[in-house]
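S.K.: Pasting the sequence and the predicted model now:
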Amino acid sequence: MQELTPASAGHTPGARPTLMRSADMSQDTCAVEDCQKVPRTRGWCGMHYQRWHKTGTTMAPPKSRPKTCRVDECDRKAVARALCSAHWQRLKKNGELGSADVRQVVRQRDSVCSLEGCDRPHASLGYCALHASRFRKTGDPGPLEVRFASRQDECDVEGCDRSHSCGGYCEVHYNYVRRGARHEDLKPIRERINPEERDSEGNKRCTACRGWKATSDFGVRKQNADGLHTACIRCQRKWLLERLYRMPIEVYEVMLKAQAGVCSICSRTNSNGKALFVDHDHRCCATTPTCGKCTRQLLCGPCNHGIGYMQDNPDLLRKAAAYLESHRG
């Protein structure tokens, strides 16, 4: 390869050297011998120009990589900065090379933990997995005994027979607790019921009370595949009474029996077959849900709406009665 050097032997570093000859910019390839790259500056390719600009010559420096570690008495193979892998790691972590002695943990196959009295299989650092973990964290493998948390089989929620997952709960209840639910508010997870399932007598199973009942005990719901509600009529009524009037369904049934199943005003039932409505004092609770203490009696739909339109005002009802009496033919 043709070498291009500064004209002056006393060239000072950092100063731009002068050329021994002028570069021919009309040439098609780099001025350096055997370089077929396109010339960019002063007849050289970009690489040779940068090399000349930094070092004053276009010749590449000799490449000599040591084969062994440069630490005295260490004959391990050099991998980086003339250091073996062990000394290179020491230099990066500690900032010093240390001695030539490189301690290696002998890999133990088919052996046990080196801690006296421990017969668990070897994992790393001469110890079993648990003692090795202790040694990494504290520098001491710790006592011989290994305490494991007692594993439970079932969820702590009363009545829940699902298998334990974490924190004493099954997976579902543990997620509830993580979201802020209290232990006393947790209820057992019941089995999923197929709403289209029927027993040998054609009865349907209620998803609320879990009992088998005749299909006539379920309300109509066209959105469902079988056209019926998943919960029976009594369970739906129970939920509505407790939610709107704070009334147990047993109290409703006692009131209904005391009124012989008819309206307290007109002594009739609802023409559409629906249950009687619970009437309450609107002076106490203007809307539902109510406090549960202002319940009066059970009324049919027309009577319940009628006294509502009259604003529960007896004077208006008397005037309406007098009006009807005066215009009776």
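M.R.: Okay, I see it.

S.K.: Which helix or which strand is home to Lys238?
M.R.: helix 233-244 (DSSP states H and E).

S.K.: What residues of that helix count as buried?
M.R.: 234-238, 241 (16 or more other Cβ atoms under 10 Å). In this view, the C-beta of every residue, glycine as well, is placed from N, C-alpha and C.

S.K.: again, but for stretch 244-264
M.R.: Under 16+ other Cβ under 10 Å, the buried positions of stretch 244-264 are 245, 247, 252, 255, 262-264.

S.K.: next one: that stretch to chain centre, how far?
M.R.: Distance of stretch 244-264 from its chain centroid, counting by Cα atoms, centre = their mean, to the nearest Å, is 47 Å.

S.K.: just to revisit the earlier point, let's have the buried residues of stretch 244-264 in CSV, adding distance to His164, pLDDT and secondary structure.
M.R.: What follows is those, written out as CSV (distance: Cβ to Cβ, whole Å; pLDDT from 0 to 100; DSSP: H, G, I helix; E, B strand; the rest coil):
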residue, distance to His164, pLDDT, secondary structure
Tyr245, 40, 93, coil
Met247, 39, 94, coil
Tyr252, 41, 94, helix
Met255, 46, 94, helix
Val262, 55, 95, coil
Cys263, 55, 95, coil
Ser264, 54, 93, coil
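
S.K.: Tell me the one of the residues you listed nearest Cys291?
M.R.: Tyr245 (9.1 Å; Cβ to Cβ).

S.K.: do you know how far the closest one is from Cys235?
M.R.: To Cys235, Tyr245 is 16 Å away according to Cβ to Cβ, to the nearest Å.

S.K.: other SSEs contacting the helix holding Lys238?
M.R.: Applying 3 or more Cβ pairs under 8 Å, 6 or more residues apart in numbering; DSSP states H and E, one finds that helix 233-244 contacts strand 218-220, helix 249-258.

S.K.: out of the ones you listed, nearest to Arg210?
M.R.: strand 218-220 (14.0 Å).

S.K.: any idea how far Val177 is from Asp119?
M.R.: Using Cβ to Cβ, Asp119 is found at 39 Å from Val177.

S.K.: Show me which of those two is the more surrounded one.
M.R.: Between Asp119 and Val177, counted using other Cβ atoms under 10 Å, the more crowded position is Val177 (18 against 8).
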